[in-house]
Structures are given as C-alpha cells and as structure tokens.
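> could you look at this predicted model? Sequence included:
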Amino acid sequence: KLQPNTSVVHIRKEGDSMPNPVSLSKQDRISFSKIREVEDLPDLIEIQRKSYRDFLQRDVPPDERKNIGLQSVLREVFPITDFAEASSIDFIGYTLGEPKYDIEECQARGFSYAVPLKITFQLRHQNKEEQGPSEILESEVYMGEIPLMTEQGTFIINGSERVIVNQLHRSPSATFKEDTHSGGHKLLKAAIIPYRGAWIEFEFDIKDLIYVRLDRKKKMFATVLLRALGWETDEDILRLYVEETEEVSVGASLIGRISIGTLIDRETGEILYESCSEFSETDLEVLSQSGITSVEVLTPYDSEATRFLRNTIEKDRQSAPYTEGDIKDQALVEIFRKIQPGDPPTIESAKNRFEKLFFDPLRYDLADVGRYKLNQKFNHIASYYSGLGKIGEPLPTDLKNNEGEVLALAGQEITEGLQQAAKEILPNEPYLRKEDITATLKHLLDVQNGVATLDDIDHLGNRRVRAVGELLMNQVRVGMLRVARATREKITVKQSKE
C-alpha cells in the first residue's frame, strides 16, 4: 500500500505512445494509440442531411426548384385528367411553412417536429358542348405535415427521436451471370434490372436456344421480343448481330456457308432458301438453275458467333409460322398470351400492354444510375446507339454530344453528317429503349463466345446506397398515385351526375 504523501511516477519506455487529443463530435477525448490521427473523422451524417435537403428544397423559391425530390414526384404524377379528358388538375408549386414548436419543446411535450405542406393546384374544365376558353380555378390545398430533419440527421416523431437508415441495394443495370442446370451444364443468364418496373431476362437452355422472360412470366424465344420491337424478319434480326458479310459466287466456295437473306426464284417468285440456310453441294445446282450467280453470306467468324441466335430463329420459325406484313403484331399477341394468359388477345390490347409494361415512364424507370451503368457496359456495341431519323426530316429535339454541347437545334434538317455524329453520342434518357434490349442480347452472345466476361453480383460496384431522400421519394410516389387514382374517379363521377 502507498503511504500518505507518496507520489506515483510513470516511467515511459522507448516506443510508448504519448496521449494525443482527438476531437470527436462535441467532446474532446484523449487517445493513447501509437498511430497518430492523420485526418479528422469526416461528418458521416452529412450524406443524410444533404439528401433530405435536396428532397425538400425548402430554402429554394418554388419557381427555381430543380426537378428532384418532392418536386420531381409531383411533376411526375400530375396533371391528373379524367377519363373523358374534359377536366384536369395540374401541379403549380408547393410551399413549406414554419415548425410550430422547436426541437426541445417537441421532445418535452410529445409532438412531432414538422412543417405544414401546402400545394397549389390548377383546375381546368372544358365543356365540350360550349365552344370557348376553358374555366380555370387555382387554389392552395393543405396536404399534411412533413417532418424536418435535425442537425444530427434524426427526426422527432411524437416526442421520440427516430432515424431513417441508408439502404444498400442492387444497382439498376444489366447483369450477366452463370447458373448450373440440374444436369450439371453451365448456362448463361442476363437481366435488365430497372429501378422501377418489370425485368427482362435472357437465358440459354441445354439445347443451345435463347429464351426471354418478361416480368417473371413464362419464357418464350428471344426472337419473339425482337420481332415485337420492330425487327420483323429473320434477316433484320441477323443483321443486328453481324459485323460484316461477304458476297460469294455460286460454286464450291459456297458450300458450308450461311445465307443472311431470303433467296427467291426470279421467274416464279418462289422462296428457295430462308435466311440462315446452310448450303450444300445439292443446293448449288438449284441456285444455278434459278439464275442466281452470287449470294450474300456470313463470314466464318460471324457464323460461329451467331450460332445460338440462328438456332433460335429456326426454332421460332418452325413453331410459329409468321405471315408477311403483320409479323410485329403476331409477336405482340404472342407476348400478350404469355404475360396475361387468361385474357383474350387482340392486337390493340397487346400493343397497349407491351407499351405500358416497358416504355411508359410512369411504370418503368432506369434512373440516372441505371443509364450510366448501361453506357459504361455497352458503349462499344454499335447497335446501342440510336439514329436520328431519315435525312431531310427535322430534328425532334436538340442534339447534344456526350459533354452536353449543342450540336444542332430542334427543327434543324437532318443531314448525313448529323446522323454520323449521333452514332457516337451516348444516350442519357432514364427510360428503356429498344436498343438497350438488343445490346444486352449482343453482350450475352459475346460472353458465350468468350469475348466478354461475367459480372460479380456481390461486388460493391454493382450495388448502390439509397439515402433518406430517395427512400421518401418512393413512399411519396406511392401515396400520390393513390391520390391521383381517387381524384380521377371523383372527377368522372361528378361530371356524370351533372
């Protein structure tokens, strides 16, 4: 035991660490670690605060708000139009008031730290029987309260401090993986995963055929989807995935080669050979008698690279003989049967269902991150770039390059130079294009042929963080769509009574 007035002396050995002051939050602490702090700990809650600031845009005037967060959701849902298209409710802007109590008082009295949300709507009513200007009413509607975030990144709900945790989810993109069949075979799969909407999944089977599943429904041949997108004939589909062709004269060099187009007898008009036909010695005499001197065929490399696609084309042709002129409509009806097997298919209902499922911005969204990931993965594929239109037609929108510089204004006449420039511009639309689907199948074929590699779905590069603002956007969107549905029905009922 120590005697009174005895002092304790600490003898520091060589190598011992000296205490270092470390600043953590609002308290200063002493660290006895041997390694000194090189840099202060960053503000980890700033991600939450910035995300919620962008969601509310509370300090930004209504006319200057960006199309993000709450503003983006309201712009997306509105205008609401009745079924007769006589009345519509449009969104003008929203205002956020001041909190009634401060944070300490809310915690003490069991209140929520929130501000009132008021939205300005504009109602337009056009009486079709009376000619003249439509009736316009504008009003501010109280929609409820929205909680405010504290400086600590928390919310005060009924006096209790709550927090919304960031989520780590699979990033919207196109993924390529390998599954094992029950027989032990390795089969490739590809999926276009949107931020919101139905999945498109391509897969190989053990018979070297390519199938597609739409919205997790029954599988069908991948060529059926391509025909529904506008590439109707076998030749159109094949040219999508062929780099170059050769013109070979009818002779011994034609044996074993694959035709890319349909060969027709010039005198009778009879179809001699379909696309993807392989020529043998007996076929040379038939071609000579028909007056055909040369045939456009695939190169040996493309013949091998597209063998799975050619197998699928032939099987699709055998299982569903298509009638010339309406191949696209037949493919759409076949897709409708797979998606909604209980409903009677019509061409009109099949078109509407297909468009709403994949090409309606309200139902299908890749988000900016999804488009970025697709651009990074498919920028080397020629079919990924969309054209402008025919030469001589006016531009529908401004043409911008990858840096955002305007190359041509809307309304300007399309020239050959503009068409060539458009083939090098990456798309920036957050919705699905038909070129995205063809590029996904092209990349899947490249993986099968050993040109491209598979994805690691567990890699953090294929995942992303959803912060509080993005999570709340999804919840507000669900609520506002319910409001829009109920409002549309009430407007229709009120008009029918009148």
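Here it is on my side, so go on.
> surely Asp455 is in a strand?
No: when classified by DSSP: H, G, I helix; E, B strand; the rest coil, Asp455 is found to be coil rather than part of a strand.
> residues of stretch 360-373 that come out buried?
Across stretch 360-373, burial judged by 16 or more other Cβ atoms under 10 Å covers Tyr364, Asp365, Leu366, Ala367, Gly370, Arg371, Tyr372, Lys373. (Glycine included, C-beta is placed from N, CA and C.)
> stretch 459-474 now?
Arg464, Ala467, Val468, Gly469, Glu470, Leu471, Leu472, Met473.
> do the same with stretch 293-303
Buried-residue list, stretch 293-303, by 16+ other Cβ under 10 Å: Val295, Val297, Leu298, Asp302, Ser303.
> same check, this time on stretch 479-497
In stretch 479-497, counting by 16+ other Cβ under 10 Å, buried: Met480, Ala484, Thr487, Arg488, Ile491.
> in strands, which of those residues appear?
Judged by DSSP state E, the buried residues of stretch 479-497 include no members of strands.
> need these in a markdown table (columns: distance to Asp343 and pLDDT).
Formatted as a markdown table, the buried residues of stretch 479-497 follow (distance: Cβ to Cβ, whole Å; pLDDT from 0 to 100):
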| residue | distance to Asp343 | pLDDT |
| --- | --- | --- |
| Met480 | 29 | 91 |
| Ala484 | 25 | 90 |
| Thr487 | 28 | 88 |
| Arg488 | 23 | 87 |
| Ile491 | 28 | 82 |
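> just checking, which of the residues you listed belong to helices?
Met480, Ala484, Thr487, Arg488, Ile491 (DSSP state H).
> of those residues, which is the nearest to Val248?
Relative to Val248, the closest of these is Ala484; by Cβ to Cβ it sits at 60.3 Å.
> with adjacent residues omitted, what lies nearest to the closest one?
Ile80 (4.9 Å; Cβ to Cβ, 6 or more residues apart in numbering).
> next one: the one you found relative to Thr487, how far apart?
Ile80 sits 5 Å away from Thr487, going by Cβ to Cβ, to the nearest Å.
> list the residues that contact both of these two?
Ile89 (Cβ atoms under 8 Å, 6 or more residues apart in numbering).
> circling back: quick check: the farthest pair among the buried residues of stretch 360-373?
Tyr364 and Tyr372 (17.0 Å).
> and stretch 397-412, how far apart are its ends?
Chord length of stretch 397-412, first to last residue, is 9 Å (Cα to Cα, to the nearest Å).
> correction: the previous question concerned stretch 147-155.
Taking Cα to Cα as the criterion, the two ends of stretch 147-155 lie 7 Å apart.
> in that stretch, which residues are buried?
So for stretch 147-155, counting by 16+ other Cβ under 10 Å, buried means Pro147, Leu148, Met149, Thr150, Gly153, Thr154, Phe155.
> pretty sure the first one contacts Pro116?
No: contact status for Pro147 versus Pro116: not in contact, 11.6 Å apart, counting by Cβ atoms under 8 Å.
> follow-up on the earlier one: tell me the bridge partners for the residue nearest to Ala484.
Beta bridges link Ile80 to Ile89, judged by DSSP bridges.
> so it makes contact with Gln122?
No: counting by Cβ under 8 Å, Ile80 does not reach Gln122; the two are 11.1 Å apart.
> out of the two, which sits in the busier spot?
Applying other Cβ atoms under 10 Å to Ile80 and Gln122 shows that Ile80 carries more neighbours, namely 20 against 15.
> that one and Ala486, how far apart?
Counting by Cβ to Cβ, the gap from Ile80 to Ala486 is 10 Å.
> shouldn't Asn375 be within a strand?
No: counting by three-state DSSP, Asn375 is not part of a strand but helix.
> hang on, the earlier thing: now for the ones in helices among the buried residues of stretch 479-497: which two are most distant?
Of all pairs in those, the most separated under Cβ to Cβ is Met480 and Ile491 at 15.9 Å.
> so what touches stretch 75-90?
Against stretch 75-90 from outside (Cβ under 8 Å, 6+ apart): 67, 91, 121-128, 361-362, 477, 480-481, 483-484, 487-488, 491-492, 495.
> what about it, how long is it end to end?
9 Å.
> chain center to that stretch, what's the gap?
From the chain centre to the centre of stretch 75-90 is a distance of 25 Å (Cα atoms, centre = their mean, to the nearest Å).
> let me see the ranges of the helices in the stretch 251-400 of the chain.
281-289, 300-305, 307-319, 327-339, 347-358, 367-378 (DSSP state H, counting those that start in this stretch).
> which residues touch the shortest one?
Contact partners of helix 300-305, identified using Cβ under 8 Å, 6+ apart, comprise Tyr241, Val242, Glu243, Glu244, Thr245, Arg257, Ile258, Leu445, Asn449.
> restricted to strands, list those residues.
Thr245.
> could the contacts of helix 300-305 be laid out in TSV, adding pLDDT?
TSV is the format used below for the contacts of helix 300-305 (pLDDT from 0 to 100):
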residue	pLDDT
Tyr241	89
Val242	88
Glu243	84
Glu244	85
Thr245	86
Arg257	86
Ile258	87
Leu445	92
Asn449	88
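> counting contacts, what elements does the one helix or strand Ile437 maps to pack onto?
Secondary structure from DSSP states H and E places Ile437 in helix 434-448. Helices and strands in packing contact with helix 434-448 are listed as strand 173-180, strand 186-193, strand 200-204, helix 222-228, helix 307-319, helix 367-378; criterion 3 or more Cβ pairs under 8 Å, 6 or more residues apart in numbering; DSSP states H and E.
> tell me what angle the first one forms with helix 434-448.
Think strand 173-180. Here strand 173-180 runs at an angle of 30 degrees relative to helix 434-448 (axes from the mean of the first three to the mean of the last three Cα atoms, to 10 degrees).
> what comes up buried for strand 173-180?
Ser173, Ala174, Thr175, Phe176.
> what number of residues lie near Glu243?
Glu243: 11 neighbours (other Cβ under 10 Å).
> hmm, Lys434 and Gly230 touching each other?
Yes: Gly230 is within contact range of Lys434, at 6.7 Å (criterion: Cβ under 8 Å).
> ok, Ile200 to Lys338 distance?
Counting by Cβ to Cβ - Ile200 and Lys338 are separated by 13 Å.
> more neighbours, those two?
Each of Ile200 and Lys338 has its neighbours counted (other Cβ under 10 Å); Ile200 has more, 24 against 16.
> which strand residues bridge that one?
Beta-bridge partners for Ile200, by DSSP bridges, are Ile192, Leu214.
> let's have the chain start at 748 instead
In the new count, where the first residue is 748, that last one comes out as Ile947.
> against Glu832, how distant is it?
Taking Cβ to Cβ, one finds Ile947 at 32 Å from Glu832.
> check Arg1232 too.
Counting by Cβ to Cβ, the gap from Arg1232 to Glu832 is 16 Å.
> same check, this time on Gln869
Taking Cβ to Cβ, one finds Gln869 at 16 Å from Glu832.
> Asp1145 now?
Per Cβ to Cβ, Asp1145 is found 30 Å from Glu832.
> check Glu948 too.
For Glu948 relative to Glu832 (Cβ to Cβ), the value is 37 Å.
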